[in-house]
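Student: Quick one, fold the following:
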Amino acid sequence: MASKPGILTNWPWEPLGSFKFVIVIPWIAHSIYTFIWGERDPVYYIIFPFALVRMLHNQIWTSVSRYQTAKGKNRIVDKGLEFEQVDRETHWDDQMLFTVLVYCIAYFIFPMASNLPWWRIDGVILTAILHAGPVEFLYYWLHRALHHHYLYSRYHSHHHSSIVTEPITSVAHPFAEHLSYFTLFAIPMLTTLFINKSSVAALYGYIFYIDFMNNMGHCNFEFFPKKLLSYFPILKYLSYTPSFHSLHHTKFRSNYSLFMPIYDYIYGTVDKSTDATYEASLMRPKESPDVVHLTHLTTLSSIYQLRLGFTSLASNPQTSKWYLYLMWPFTMCYMLMTWISRRAFVLESNTFNDLKLQCWLLPRFKTQYFSKGQKLTWNNLIEETIIEAELNGAKVISLGLLNQKHQLNAHCELYIRRFPQLKIKVVDGSSLAAATVLNNIPKGTNQVLLRGKFNKVAFAIANALCKKNVQVVVLYKDELKELEQRVVTKGNLALSQVNIPKIWLVGDEWDEDEQLKAPEGSLFIPFSHFPPKKMRKCCFYHFTPAMITPATFMNSHSCENWLPRRVMSAWRIAGIIHALEGWNVHECGDTILSTEKVWEASIRHGFQPLKILTSQG
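Tutor: Below you'll find the predicted structure:
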């Protein structure tokens with residue numbers, strides 16, 4: 001929102017919220033009807049398929065831009081994105097909806113818009129001339145006017161709130177501002193239409209050109225080849241580069257042109273650092289991380305909820321969305337691609353206390369981890385990733401989600417023994433995960449129930465509770481025997497009798513219907529990576545082991561799986577703490593650090609306990 005919103009700031013359909021697309025349903029129905037039973041006029045029936053192509057085009061630019069900026073290569077602006085900007089730019093599809101409505105209405109208003117040829121070379125050339133002349137010239141002066149304090153505070157400041165631009169930043173404007181832009185863009189389209197030189201290629205190609213140039217100019221990484229400009233020097237005046245427009249968002253009073261910088265050169269408003277910024281951005285190498293966190297995909301739809309996927313989904317905790325089921329053809333294609341890909345890639349980059357952090361993604365889904373005969377494959381993949389992280393300069397690699405499965409039979413420790421020259425430290429984060437669960441248990445608790453598949457986190461929790469004279473109850477005799485083999489203070493272990501504790505610590509592979517045994521108002525605290533699927537309305541459920549990140553943790557604009565905003569899993573935090581403290585040890589296999597030590601260190605570095613509880617009620 002602008003600092004002082006003016007008239008026509010909001011879009012007309014804003015009260016409809018997420019139901020805004022219902023306004024085009026009659027047009028879609030009529031388009032389908034005319035395509036099947038009426039006259040097939042391409043100008044009309046491709047309006048909606050073209051809108052889908054535009055959405056896909058914008059999504060590709062967003063995904064590529066976020067991937068490139070995460071790697072750091074050729075990045076222009078170093079500042080991070082935040083949730084505030086993501087929320088401000090969530091409604092980027094408003095301009096697309098507006099274009100669809102204008103095209104539909106114009107088709108019925110102007111008879112000459114019917115039955116246009118697919119291609120007319122003279123119309124395409126005229127469209128290009130009209131854009132280079134009137135449109136670019138008028139836009140330049142309109143843009144300068146929008147930077148006058150009166151219009152800037154009421155309209156254009158909304159767009160300039162984004163210092164670090166993304167492709168969808170290009171269309172984040174108030175309604176009145178977008179209306180003025182589209183009026184300019186209508187000059188070539190209406191002119192060629194009125195003199196009967198228009199074509200389907202001219203009408204739709206011009207909009208696609210605008211989308212392409214807008215996305216390119218706001219992608220925050222430079223890729224325009226230097227050799228191309230040296231071979232064709234005139235391109236310097238005919239096409240801007242991402243770094244050229246990025247300077248407009250950082251300096252504000254220069255580089256006003258739309259897509260062609262020629263008018264900035266004519267009127268002397270080119271920023272003096274334009275050439276230097278372009279060359280510096282183009283030569284910027286890929287960043288070397290200090291800490292790498294290795295994660296993977298979870299559900300089939302999680303591909304869309306990554307920060308490289310749909311920004312609106314990535315900026316909120318992972319939940320099931322009905323419309324993702326309609327995208328199953330794309331989902332299946334992505335899943336097939338994961339079988340081909342054998343390397344992790346950079347998903348996200350952050351900075352914290354002079355540390356450069358990266359999150360790498362293994363392109364594998366949760367279901368693939370449980371595939372029989374794949375244990376050796378996972379071991380090899382993770383070993384290769386550890387080596388790659390070390391070659392990239394990382395000091396610590398933390399293992400998230402099911403990437404710790406490769407540690408069965410102490411494989412991680414065997415791997416470290418095989419490579420004693422390994423400098424990077426491998427951290428599974430079990431100690432901090434256990435410490436987080438222990439500190440989530442309400443003070444004064446004297447009895448808890450431990451349920452689920454026992455792992456090193458569960459054993460660490462049980463040992464710590466027994467030492468504090470808190471009774472650890474289990475439901476089955478085989479569980480009691482297993483705990484007795486791993487717990488030092490066995491006197492505080494017990495088999496459940498009549499009274500079931502109200503504090504449940506739950507892990508993986510437990511029968512969630514057993515919740516019915518718990519009294520009303522019971523508290524369930526997971527010690528696993530994955531939260532319970534079933535929840536009782538009369539009970540409370542804590543998040544999986546996690547903590548709130550400090551305010552100095554930069555570039556936080558996506559949620560980690562199902563966790564809330566600016567909340568990070570304990571397994572990921574553990575790697576960061578390991579690097580900050582300079583601990584020269586591995587934490588994997590059966591090795592676990594002092595829970596008190598890692599908890600104190602995490603608090604000291606600004607991470608805060610997550611006190612929020614969730615419930616179905």
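
Student: and Pro5, how many neighbours?
Tutor: 16 (other Cβ atoms under 10 Å). Heads up, the C-betas are built off the backbone N, CA and C, glycines and all.

Student: Repeat that for the one 10 residues further on.
Tutor: The burial count assigned to Pro15 is 9, neighbours taken as other Cβ under 10 Å.

Student: Check Ala128 too.
Tutor: When neighbours are defined as other Cβ under 10 Å, Ala128 has 15 of them.

Student: Tell me the helix or strand right after the helix or strand hosting it.
Tutor: Under DSSP states H and E, the secondary-structure element containing Ala128 is helix 121-130. Using DSSP H and E, the helix or strand that directly follows helix 121-130 along the chain is helix 136-146.

Student: between that next one and helix 121-130, what angle do the directions make?
Tutor: Regarding helix 136-146 and helix 121-130, their directions subtend 30 degrees when assessed with axes from the mean of the first three to the mean of the last three Cα atoms, to 10 degrees.

Student: who's in contact with helix 136-146?
Tutor: Applying Cβ atoms under 8 Å, 6 or more residues apart in numbering, the contact partners of helix 136-146 are 151-152, 155-156, 177, 180-181, 184, 256-260, 262-264, 267, 269.

Student: again with stretch 84-98
Tutor: 1, 11, 13, 20-21, 23-24, 51, 54-55, 58, 158, 161-162, 164, 166, 168-169, 171-173, 175, 178, 182, 311-312, 315, 557.

Student: Span of it from start to end?
Tutor: 24 Å (Cα to Cα, to the nearest Å).

Student: Any chance of a ChimeraX selection covering the buried ones in the contacts of helix 136-146?
Tutor: Only the buried members of the contacts of helix 136-146 enter the following ChimeraX selection, criterion being 16 or more other Cβ atoms under 10 Å:
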select :151,152,155,156,177,180,181,184,256,257,258,259,260,262,263,264,269
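
Student: Just the ones of the contacts of helix 136-146 in helices?
Tutor: With helices identified by DSSP state H, the entries of those that belong to them are Leu151, Glu177, Ser180, Tyr181, Leu184, Ile262, Tyr263, Asp264, Tyr267.

Student: Test for you: state the pLDDT assigned to the closest residue to the last one other than its chain neighbours.
Tutor: Which is Tyr267. Counting by Cβ to Cβ, 6 or more residues apart in numbering, Tyr140 is the residue found nearest to Tyr267 once chain neighbours are left out, at 7.5 Å. According to the predicted model, the pLDDT of Tyr140 comes to 98.

Student: again, but for Ala518
Tutor: 89.

Student: got it, and the one 5 residues further on?
Tutor: Taken from the predicted model, the pLDDT recorded for Leu523 is 93.

Student: Report the beta-bridge partner residues of it.
Tutor: Listed by DSSP bridges, the beta-bridge partners for Leu523 are Ile503, Phe540.

Student: any idea how far Pro233 is from it?
Tutor: Leu523 is 69 Å from Pro233, where distance means Cβ to Cβ, to the nearest Å.

Student: and what of His30?
Tutor: Counting by Cβ to Cβ, the separation of His30 from Pro233 is 50 Å.

Student: Pick out whichever of those two has more residues nearby.
Tutor: His30 (15 against 8).

Student: Tell me the strands beside the host helix or strand of Leu450, with direction?
Tutor: With elements delineated by DSSP H and E, Leu450 resides in strand 447-451, which encompasses its position. Strand partners for strand 447-451, identified by DSSP bridges, are recorded as strand 471-474 (parallel), strand 503-506 (parallel).
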